[in-house]
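[1] Predicted model and sequence follow; I will ask about them next.
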Amino acid sequence: MEHFIEVAGATIDTRNFINGERVATGDTFANHSPIDGTFLGDFHQAGETEVNAAVEAARAAFPAWAAMGPAKRGELLHKLADLVEANIETLAMIETMDNGSLLRSHIRGVMPRVAMNIRFFADWAINKLHHPAFETRGHSNNISWDPSGVVALITPWNAPLMLATWKIGPALAAGDTVVLKPAEWTPLSASFFADLTVQAGIPAGVFNVVNGLGRVTGMPLVSHPGISRISFTGSVPTAKVIAKAAADNLTPLSFELGGKSPIIVLGDADLDLAAELAVEQYDNAGQVCLSGTRVLVHEDVADEFAEKFRAKVATLKQGDPRNLSTDIGPQIHPVHFERIKGFVDRAKGEGIEVLWGGEPNGDLGGLFFKPTLFKNPPVGSEIVTSEIFGPVLTMQTFRTDEELIAMANGTEFGLAACLVSGNREHADHVTSQLVAGTIWVNCFFVRDLSAPFGGSRKSGIGREGGTWSFDFYADVKNTVVSPNGWKE
Ligand code: NAD
């Protein structure tokens, strides 16, 4: 079997990356591009043997990497970020071929962010990871963030390298070593990134990649007694399986899971701004955990808002994500496409009104689904409670703030919320009662790496970002020093 494939002019190694070396296996899984179904290549699937080897390599590399200290690690991590920046166009094209997201977004935002994920946490470990010592009856408390060991990182396909480096950055900066398992539908960018770690001089075993399906490759990783942390981004059902596996070893978990976030348009909102923010919820063909998929709009402004929203949606250009003028690309995979279509068909079958979309884009064929809006689904119906993870929104109206808050908080999720209002006091009154890890007021998707990020309820466990990331990846230690007993 071939070990290399050419994608968009880049050479990608299809083998696992363990202890600085490429490892072939007898088992493979196929990878296709969602753009047009092109076969990209077969990847070597890691089983228990390779996963064990990766964890052992990471354990062996840990003492030296931990002892290196934040400054020396920071030098290597900055080199890695430099290499990401030098390869932005290549990484952007690889990712677009692999998951169908817009090339434009990858070039302008996502891949620069990948480099920033690495730089930011390297610098944070050097400059910001301090807590002032404090006294207890003359004793000083000295807080440190010590490297914890080998971390297992499990990531999804919707923003593969961005979400992986959001974990890799702080984990490596904290002095941990890493075993990454990317999503099986999008293995390309992690493999290319592994080559960059070699070029950056990251020592063998510090960063490892194992590829394959969740049950084949993911399970032995999250069940391994030799790992100190599991950071997982993905769906709620998978999180439950991982939590059970982690329970045997009491491995600490960080979960970033699904959402069904509201985008709220108050009666006093600027409706042009509201329409602009609403149309952004179709970004990445709706495959964004943070998307405000439930539009909740005050009944007095609902019709006017819906017309403005419709006009914006009409300008969206759906098509090949490699074309820089495209706004919406394909869904990731035939299985996921059918899942989305199933939700939509069932909602239509229940007689829920479709304001626009509601079907695949027949002109484009393949995995393209039209941006869709359902109007006034009954409270509790599947389309308004389940995460669809596609370009499918619902719109419901409310009369009072009480009614709005009950609707906004009426799912099992609590990842994010977006609120549009022209009145600060009114906005504060509503946001203070929303259950969400992040709330955007009159804006969407403004994300600072130093801010806490995570979900409430079933949208996650824990927070990452700034020191919150290190609180998870590191062993936080308090050394209490007495004023007594000193001989000097
Ligand atoms: P998924 O749960 O199906 O898979 C995520 C990862 O888990 C993949 O790498 C998969 O191979 C792995 N996996 C599956 N079974 C496993 C097992 N038994 N053991 C170990 N690993 C296993 O999710 P997905 O479909 O790839 O991603 C979409 C989901 O991710 C959505 O629910 C979305 O909301 C969520 N998401 C959340 C955030 C966030 O920050 N909160 C960000 C992006 C995506």
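    Here it is on my side, so go on.
[2] Same question for the residue lying closest to Asp36 once chain neighbours are set aside, what's its three-state structure.
    In space, not counting the residues next to it along the chain, Asp36 is nearest to Gly366; the distance is 6.3 Å by CB to CB, 6 or more residues apart in numbering. For the C-beta atoms, the positions are set from N, CA and C on the backbone; glycine is no exception. Taken by DSSP: H, G, I helix; E, B strand; the rest coil, the conformation at Gly366 corresponds to coil.
[3] quick one, phi psi at Arg294?
    Taking degrees, to the nearest 10, you get phi -110, psi 110 for the backbone angles of Arg294.
[4] quick one: contacts for it?
    Listed by CB atoms under 8 Å, 6 or more residues apart in numbering, the contact set of Arg294 reads Lys260, Ser261, Pro262, Ile263, Val384, Leu393, Thr394, Gln396, Met407, Ala408, Thr411.
[5] at 6 Å what do you get?
    By CB atoms under 6 Å, 6 or more residues apart in numbering, the residues touching Arg294 are Pro262, Thr394.
[6] and Phe343, how many neighbours?
    Other residues near Phe343 number 19, with proximity taken as other CB atoms under 10 Å.
[7] Is it part of a helix or strand, or is it coil?
    helix.
[8] how close does it get to the ligand?
    Distance from Phe343 to the ligand, counting by CB to the nearest ligand atom, to the nearest Å: 13 Å.
[9] what's the spacing between that residue and Asp327?
    From Phe343 over to Asp327 the distance is 22 Å, taken as CB to CB, to the nearest Å.
[10] ok now do Asp270, which residues does it touch?
    For Asp270, the contacting residues are Gly422, by CB under 6 Å, 6+ apart.
[11] no no, Ala239
    Taking CB under 6 Å, 6+ apart as the criterion, Ala239 is in contact with Phe255, Leu257.
[12] Skip ahead from the helix or strand containing it and say which helix or strand is next.
    Ala239 belongs to helix 236-247 when assigned by DSSP states H and E. Secondary structure here is assigned by DSSP H and E; on that basis, the next helix or strand after helix 236-247 toward the C-terminus is strand 253-256.
[13] That next one and the ligand in contact?
    Yes - part of strand 253-256 sits near the ligand under the criterion CB under 6 Å from any ligand atom, namely Glu256.
[14] Just checking: what are the partner strands of that strand?
    Strand partners for strand 253-256, identified by DSSP bridges, are recorded as strand 229-233 (parallel), strand 460-461 (antiparallel).
[15] can you give me the mean pLDDT across the last one?
    To tie it back to what came earlier, the one meant is strand 460-461. Confidence for strand 460-461, expressed as mean pLDDT, is 98.
[16] Kindly report the same for the longest one.
    Regarding strand 229-233, the rounded mean pLDDT is 98.
[17] Tell me the spacing between the residue nearest in space to the middle of the chain and the ligand.
    Residue closest to the mean C-alpha point of the chain, counted by CA atoms, centre = their mean, is Leu163 at 4.2 Å. In this structure, Leu163 and the ligand are separated by 6 Å, where distance is defined by CB to the nearest ligand atom.
[18] That residue: what secondary structure?
    Reducing the assignment to helix, strand or coil with three-state DSSP, the entry for Leu163 is helix.
[19] Help me confirm that it comes into contact with Leu153.
    No - using CB atoms under 6 Å, Leu163 makes no contact with Leu153, being 9.2 Å away.
[20] count of neighbours near the nearest residue to Ile154 once chain neighbours are set aside?
    Taking CB to CB, 6+ apart as the measure, Ile154 lies nearest to Phe232, with 4.5 Å between them; neighbours along the chain are not counted. The tally of other residues near Phe232 (other CB under 10 Å) stands at 26.
[21] still on that earlier bit, of the strands paired with strand 253-256, which is nearest the ligand?
    Nearest to the ligand among the strands paired with strand 253-256 is strand 229-233; the distance by CB to the nearest ligand atom comes to 4.6 Å.
[22] Send me that closest one as CSV with only the CA atoms.
    Presented in CSV, the C-alpha positions along strand 229-233 are these (Å, rounded to 0.1, in the frame of the first residue of the first chain):
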residue,chain,number,x,y,z
ARG,A,229,-5.9,13.8,30.8
ILE,A,230,-8.5,13.4,28.0
SER,A,231,-9.6,16.5,26.1
PHE,A,232,-12.5,15.7,23.8
THR,A,233,-14.4,17.8,21.3
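[23] can you give me the angle that strand makes with helix 236-247?
    Inter-element angle recorded for strand 229-233 and helix 236-247: 180 degrees (by axes from the mean of the first three to the mean of the last three CA atoms, to 10 degrees).
[24] so, in contact with the ligand or not, strand 229-233?
    Yes - under the criterion of CB under 6 Å from any ligand atom, the ligand is reached by strand 229-233 at Thr233.
[25] How far does that strand sit from its chain's centre?
    Mean C-alpha position of strand 229-233 versus that of the full chain (CA atoms, centre = their mean, to the nearest Å) differs by 11 Å.
[26] Please shift the residue numbers so they start at 48 in all later answers.
    That works, and once the first residue is 48, the last one we named lands at strand 276-280.
[27] buried stuff in it?
    Applying a neighbour-count criterion of 16 or more other CB atoms under 10 Å, one finds Arg276, Ile277, Ser278, Phe279, Thr280 buried in strand 276-280.
[28] Okay, buried residues for the helix or strand hosting Ile165 please.
    Element membership for Ile165, per DSSP H and E: helix 158-174. Buried positions in helix 158-174, judged by neighbour count with 16+ other CB under 10 Å: 158-173.
[29] and if you look at stretch 209-221?
    Buried-residue list, stretch 209-221, by 16+ other CB under 10 Å: 209-221.
[30] Then stretch 61-75?
    When burial is assessed from 16+ other CB under 10 Å, stretch 61-75 yields the following buried residues: Thr61, Arg62, Asn63, Phe64, Ile65, Asn66, Gly67, Arg69, Val70, Thr72, Asp74, Thr75.
[31] same question, stretch 363-371
    Residues of stretch 363-371 classed as buried: Gln365, Gly366, Asp367, Pro368, Arg369 (neighbour count, 16+ other CB under 10 Å).
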